[in-house]
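Participant: Here's my sequence, what's the structure:
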Amino acid sequence: MVIGALIIQISLGAVYIWSVFQTPLRGVFPGWSETQVTLPAQLVIAAFALAVILGGRIQDRIGPRWVGTIGGLTLGAGLILAGLTGSFAEDGALLWLVGTYAILGGIGIGMAYVCPIATCVKWFPDKRGLITGLAVAGFGAGAFFFAPLARALIAGGPYELFGVGLFTLPRAGVFDTFAVLGLIFLVTVVFGAQLLRNPPAGYCPPGWSPPALGPARGITQGDFTPGAMLRTRAFWLLWLTYLAGSTAGLMIIMKAAPIWETFSLAAAIESPVPYDRFAAIASAAAMAVAVLAIFNAAGRILWGKVSDGLGREKTLILMFILCGLVLLGLDWMRAYPLYLLGVSVVALCFGGYLALYPAVVADYYGTRHMGVNYGLLFTAYGAGGLLGPFLAAGLMKGAGGLEYEVLDASGALAMQVFQLGDYRPAFLTAGVLCLAAAALMLSVRAPAAEPERPITSRAAEASEPAG
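Facilitator: Okay, here's the model as predicted:
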């Protein structure tokens, strides 16, 4: 089950490589503004989050295998169709990319994403923090493998990890790269879904006894229905803090490449920037996306394990403070090693949010309705997906354009314009949001046990198939 979860999540995690596509897309469609080229990144996260609710409800009833398979097919179809974007004029191209990559692809991601989490939590009630971290670690790590792959396919050249060229790829261009990735994800997600199944009813790991229950221990007795969960104060406090963490993390992850390109080109002493110089900057930007993916994945395992001992609430407070302080100082981290350190710490904390909030839902509200309950909380992540990239684009202060050289389809040098900007207001806003979330977490407590429900309702639930 864990292997299947990792295979699925590594593929789904490629949603975080959007920043690698941003500059090439603006080169093809120079009329797109920063806000327009950011729109697909925002909407894919929103569609993803909403689809988690649908996928969670269905997999709670019929099991994870079929839902994960449908998700893989839908994601693959969305990206393959996105490969046709170049057939449209600028306005039509944006609408097509939103409809295929963002909406169709986002629905596929959400359908498949919830299945490994809900399945693994049911198999490992004794290690909820660690297992949710493992179940979503691949999602964070996906960009490590696919960001360099996308960059190499778009421009042609070596597939590099940590500056080491492993093999050379032909130039596919930005649109065919969407199609290639779509085919890869279709195959891997569908395969991984075949390894998932729910445990038998009443399953308990051998030799394990459930811990003492009650709000004082952060674990609530009983299983909350979605409606009962929505009536608790704790849910809405968790939603607000999850929104803050997602906004900060997704702002950096979805903009990591153009932020570094902006930092580098702001110090450029020649215009136009030569091809070799810009190619090196773009390669470093893609490597930043890959490096933060490692920390994104590691954070899901690290913080999940820490929370099993320290407690979910205290761990979240620590993460919010750390993330907030780094964001407040990120604009001063313009040397490449410092930039990598800054975005990696943000990604480390962001990965932890994706691991701890599912565990908190299981602790507070039980596992019977885990799929849909976490799906409802996950809408905070979707809202953060809209807000985070918007902050980066909407609060960016324009600082003029800078010409740079690229290779066109025939291999000849061509001139394009990079739009410089100041991201400092977005960094400061996201940092303050994280520190506010840390303060809000101080008041979060596990809810009291759900009141008894009618016998008929429980009987109906007991008759649902395990999957």
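Participant: need the helices for the stretch 101-250 of the chain, in chain order.
Facilitator: 105-123, 128-155, 173-193, 226-230, 233-253 (DSSP state H, counting those that start in this stretch).
Participant: Report all helices and strands that the last one contacts.
Facilitator: The one in question is helix 233-253. helix 275-310, helix 312-329, helix 336-365, helix 370-377, helix 379-394, helix 424-441 (3 or more C-beta pairs under 8 Å, 6 or more residues apart in numbering; DSSP states H and E). Where C-beta positions appear, they are placed from N, C-alpha and C, glycine not excepted.
Participant: quick one: contacts of stretch 118-126?
Facilitator: 1-2, 5, 56, 59-60, 64, 128, 130-132, 134-135, 196-199, 203-205, 208, 210, 358-359, 362, 367, 370-371, 374 (C-beta atoms under 8 Å, 6 or more residues apart in numbering).
Participant: Give the buried residues for that stretch.
Facilitator: A118, T119, C120, V121, K122, W123, F124, P125 (16 or more other C-beta atoms under 10 Å).
Participant: So which of these is the closest to G68?
Facilitator: T119 (9.0 Å; C-beta to C-beta).
Participant: Quick check: the gap between that closest one and R65.
Facilitator: Distance check for T119 against R65: by C-beta to C-beta, to the nearest Å, it reads 9 Å.
Participant: Find the residues that touch each one of the two.
Facilitator: Counting by C-beta under 8 Å, 6+ apart, the residues touching both T119 and R65 are L196, R197.
Participant: List the contacts of A41.
Facilitator: W18, S19, Q22, A102, M254, G385, P389.
Participant: again, 10 Å this time
Facilitator: Neighbouring residues of A41 by C-beta atoms under 10 Å, 6 or more residues apart in numbering: 15-16, 18-19, 21-22, 101-102, 250, 253-255, 385-386, 388-390, 392-393.
Participant: Without its sequence neighbours, what residue ends up closest to it?
Facilitator: Leaving aside its sequence neighbours, A41 sits nearest to W18 (C-beta to C-beta, 6 or more residues apart in numbering; 4.2 Å).
Participant: again, but for I301
Facilitator: G133 (4.2 Å).
Participant: In this structure the one you found contacts S307, no?
Facilitator: Yes: proximity of G133 to S307 meets the contact threshold set by C-beta atoms under 10 Å, at 8.6 Å.
Participant: and these two? which has more neighbours close in?
Facilitator: A side-by-side neighbour count of G133 and S307, using other C-beta atoms under 10 Å, places G133 first with 31 against 28.
Participant: What pLDDT is listed against the more buried one?
Facilitator: For G133, the model assigns a pLDDT of 72.
Participant: and it, what is it in contact with?
Facilitator: Per C-beta under 10 Å, 6+ apart, neighbours of G133: 120, 127, 140, 297-308, 351-352, 354-356, 358-359.
Participant: same check, this time on I3
Facilitator: I3 neighbours (C-beta under 10 Å, 6+ apart): G192, L195, L196.
Participant: What separation do you get for G108 and I7?
Facilitator: 15 Å.
Participant: ok, now G366?
Facilitator: 28 Å.
Participant: again, but for A288
Facilitator: Distance from A288 to I7, by C-beta to C-beta: 25 Å.
Participant: helix or strand for the nearest residue to I103 once chain neighbours are set aside, which one?
Facilitator: Closest residue in space to I103, ignoring its immediate chain neighbours: A47 at 5.1 Å, by C-beta to C-beta, 6+ apart. For A47, the host element (DSSP states H and E) is helix 34-62.
Participant: Could you tell me the angle between the following helix or strand past that helix and helix 34-62?
Facilitator: With elements assigned by DSSP H and E, the helix or strand that comes after helix 34-62 is helix 64-82. Using axes from the mean of the first three to the mean of the last three C-alpha atoms, to 10 degrees, the direction of helix 64-82 lies 160 degrees away from that of helix 34-62.
Participant: Compute the first-to-last residue distance for stretch 164-180.
Facilitator: This stretch, stretch 164-180, spans 23 Å end to end (C-alpha to C-alpha, to the nearest Å).
Participant: Can you list the low-confidence ranges for the protein?
Facilitator: 128-129, 140, 162-163, 208-222, 268-269, 396-401, 406-412, 414, 417, 449-467 (pLDDT under 70).
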